[in-house]
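# next input, structure requested:
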Amino acid sequence: MATKDRITCHILDTSKGQPARSVRVKLELLSPSPSSTQPSKVFESLTDEDGRIKLWLPYSSALSSGEVPVYTLEHVLVNDIKGPSRWMLRFDTAAYFGGEDKTFFPEVTVVFRVEEGQTYHVPLLLAPYSYSTYRGS
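Below is the predicted model:
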């Protein structure tokens, strides 16, 4: 098993000068568009003590039919996608800051392009009233 996936992220809370721990983050494949017969590929994880997500788990909503998805990010990137693709990271910042009234950005979304065979690290610099992101290494 890999020690980290090809897409990772990191959140630093610039208002505290420390990593943002236990932030729920979703990673979703936007394109190529899944066919109508295939469900969307969505992953989820929580940031660790260092504010990082290195591995993603397939997301299963409370409204799903009870079947647990068994795909991995590596499988999707290698077997399901040929060529470039678009992905979205969705950071649950309201829960991290303690409610929607504690931050101007209750959710941060970052859409980015992935080239076949590449790895991507997406850091998020976060404060209650601002954020910035970039392609890390």
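
# first-to-last residue distance for stretch 89-109?
End-to-end distance of stretch 89-109 (Cα to Cα, to the nearest Å): 6 Å.

# kindly apply the preceding question to stretch 99-112 instead.
End-to-end for stretch 99-112, by Cα to Cα: 27 Å.

# show me the contact partners of it.
30, 86-94, 97, 120, 122, 124, 126, 128-131, 133, 135 (Cβ atoms under 8 Å, 6 or more residues apart in numbering). Every residue, glycine included, has its C-beta placed from N, CA and C.

# for the chain, give the helix that spans the most residues.
helix 93-97 (DSSP state H).

# now do that one: which elements does it pack against?
Packing partners of helix 93-97 (3 or more Cβ pairs under 8 Å, 6 or more residues apart in numbering; DSSP states H and E): none among the helices and strands.

# quick check: mean pLDDT of it?
Averaging pLDDT along helix 93-97 gives 98.

# for W56, give me the pLDDT.
96.

# what is the neighbour count of it?
23 (other Cβ atoms under 10 Å).

# unless I'm mixing things up, it is touching S45, no?
Yes - counting by Cβ atoms under 8 Å, W56 touches S45, with 5.2 Å between them.

# quick check: neighbours shared by those two?
Common neighbours of W56 and S45 (Cβ under 8 Å, 6+ apart) are L27.

# quick one: residues contacting D92.
V23, R24, V25, E107.

# strands - which of those land there?
Among these, the ones falling in strands (DSSP state E) are R24, V25.

# residue contacts, the nearest residue to V76 once chain neighbours are set aside?
Ranked by Cβ to Cβ, 6 or more residues apart in numbering and with sequence neighbours excluded, the top spatial neighbour of V76 is K41, at 5.1 Å. Residues near K41 by Cβ under 8 Å, 6+ apart: E28, L29, P34, P58, Y71, V76, D80.
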